[in-house]
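Enquirer: Quick one: sequence and predicted model below, then my questions.
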Amino acid sequence: MKTIIAINNLGKRYARSPGWALKDISLTIHSGEVFGLVGENGAGKTTFIRLLLGLIRPTTGQVKFSHSPGIGYVPDRPVFYTTFTVTEYLNLLGQLTGLKGKRLKDRVDHALHLANLADRAGYRIGTLSRGMLQRLGIAQAILGDPEIIIMDEPAAGLDPFGQKGIRDIILRLHQQGKTILFSSHYLAEIERVCSRVGVLHKGRLVLNRGIGELMRERRQMVAIEIDAEAIVLEEALSRLELDCELEGHRIIFHHLDDDRYFAVMQLLGERRIRVLSLSHPGLFLEDVFLTATNHLERGRSR
Ligand SMILES: Nc1ncnc2c1ncn2[C@@H]1O[C@H](COP(=O)(O)OP(=O)(O)OP(=O)(O)O)[C@@H](O)[C@H]1O
């Protein structure tokens, strides 16, 4: 895999701010990957994106690009001239970046098509819905055919249809070989479109893993639903030294091999507790996120 962005020991401390907004971030972005950045409010996502774009200067470290790739940027709230039509606006932007003639028309048509806005081409921007505006933000970012596209919470505030619209565009861009980096609060979005996820927590990168790798690990996770409150087994399970969480009537095991599985079944048998179902837990990335950011109160019933 070819490195396209190498980030080394990146840190940012804003003037007159007591702490670090971002600290010790080292990360490699590969060409053609879709990298999703998650983190709670104030975790440092926007700061990271601004540093990548060179909009602010790092306090420590550096961002190196393998060559000079074009970069398209979709801010979290793109601002437009609302009296322009969609096509007029994209034409103007294209002209400002030096496009003209057939090439300009082709690029505008391509951007409209990719952002699923072709049927709104003649509409005034002021009449567009929130989801359409967000897609117009993507259309303007891809107008110059950049190699890298960086988006700050592209699906924020959109309904499920709007979110899916953004996901579809990201997947289309990925198919075209673009390198995409975006931040999001929607874990389902990250899970569906990203090849890798990074979790920022209080300015630090606490997790940086491939989605495929996380999926494989997930297969070792097993949730057992029982006909009793799981909390009654807390002591016995901790004596067996099992890595698990108790949630209502569910016990979630992180790595349940055959021997441990047998021990658990024996324990349940002794207590006359019935197993209602066995499954792989559902909210996969949410668990990963919560564990990485230490919010999960392990072993406690909720
Ligand atoms: N211009 C600034 N001056 C001082 N502090 C700032 C500035 N911009 C951001 N911060 C602080 O840096 C930290 C990281 O903020 P940042 O906006 O990067 O987080 P975020 O993860 O994007 O949050 P959100 O999800 O709410 O957008 C926060 O504590 C924030 O208050």
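Expert: That came through, no problem. All values derive from a computational prediction rather than experimental measurement. Numbers count the residues shown, from 1 in each chain.
Enquirer: Tell me how far stretch 40-55 lies from the chain's centre.
Expert: Remark: stretch 40-55 is offset 14 Å from the chain centroid, using Cα atoms, centre = their mean, to the nearest Å.
Enquirer: which outside residues touch it?
Expert: 5, 7, 10, 12, 21-22, 25, 37-39, 56, 58, 63, 71, 73, 76, 150, 152-153, 181, 183, 200-203, 293 (Cβ atoms under 8 Å, 6 or more residues apart in numbering). All C-beta spots, glycine's among them, are computed from the backbone N, C-alpha and C.
Enquirer: For the ligand, tell me which of these show up nearby.
Expert: Restricting these to those within reach of the ligand (Cβ under 6 Å from any ligand atom) leaves 21, 39.
Enquirer: Buried among the contacts of stretch 40-55? Make that a PyMOL selection.
Expert: The PyMOL command for the buried members of those (criterion: 16 or more other Cβ atoms under 10 Å) is given here:
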select buried, resi 5+7+10+12+21+22+25+37+38+39+58+63+71+73+76+150+152+153+181+183+200+201+202+203+293
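Enquirer: and the gap between the residue nearest to G210 when sequence neighbours are not counted and K178?
Expert: Excluding the flanking residues, the one nearest G210 by Cβ to Cβ, 6 or more residues apart in numbering is R196, at 5.2 Å. Distance, R196 to K178, by Cβ to Cβ, to the nearest Å: 15 Å.
Enquirer: T83 too?
Expert: For T83 relative to K178 (Cβ to Cβ), the value is 31 Å.
Enquirer: Ramachandran coordinates for the residue in the stretch 201-302 of the chain positioned nearest to the ligand?
Expert: The stretch 201-302 of the chain approaches the ligand most closely through G203 (6.7 Å), counting by Cβ to the nearest ligand atom. Backbone geometry at G203, expressed as degrees, to the nearest 10, gives phi 80, psi 0.
Enquirer: For it, list the residues it contacts.
Expert: Contacts of G203 by Cβ under 8 Å, 6+ apart are 19-23, 43-44, 47.
Enquirer: Buried ones among those residues?
Expert: The neighbour-count test (16+ other Cβ under 10 Å) marks 20-23, 43-44, 47 as buried among the contacts of G203.
Enquirer: Keep only those of those that are in strands.
Expert: In strands, defined here by DSSP state E, the members of the buried ones among the contacts of G203 are 22-23.
Enquirer: Going by distance to I251, which of the buried ones among the contacts of G203 wins?
Expert: A43 (30.3 Å; Cβ to Cβ).
Enquirer: Which elements pack onto the longest helix seen in the chain?
Expert: If you go by DSSP state H, the chain has its longest helix at helix 160-175. Packing partners of helix 160-175 (3 or more Cβ pairs under 8 Å, 6 or more residues apart in numbering; DSSP states H and E): helix 101-114, helix 130-142, strand 179-183, helix 187-193.
Enquirer: And those, which one averages the lowest pLDDT?
Expert: Here the helices and strands packed on helix 160-175 differ in mean pLDDT, and the lowest is helix 187-193 at a mean of 84.
Enquirer: Mind giving me the packing neighbours of it?
Expert: strand 34-38, helix 160-175, helix 284-292.
Enquirer: So what are the sheet partners of the shortest one and their directions?
Expert: Strand 34-38 has its sheet partners listed here by DSSP bridges as strand 179-183 (parallel), strand 196-201 (parallel).
Enquirer: Cheers, nothing more for now.
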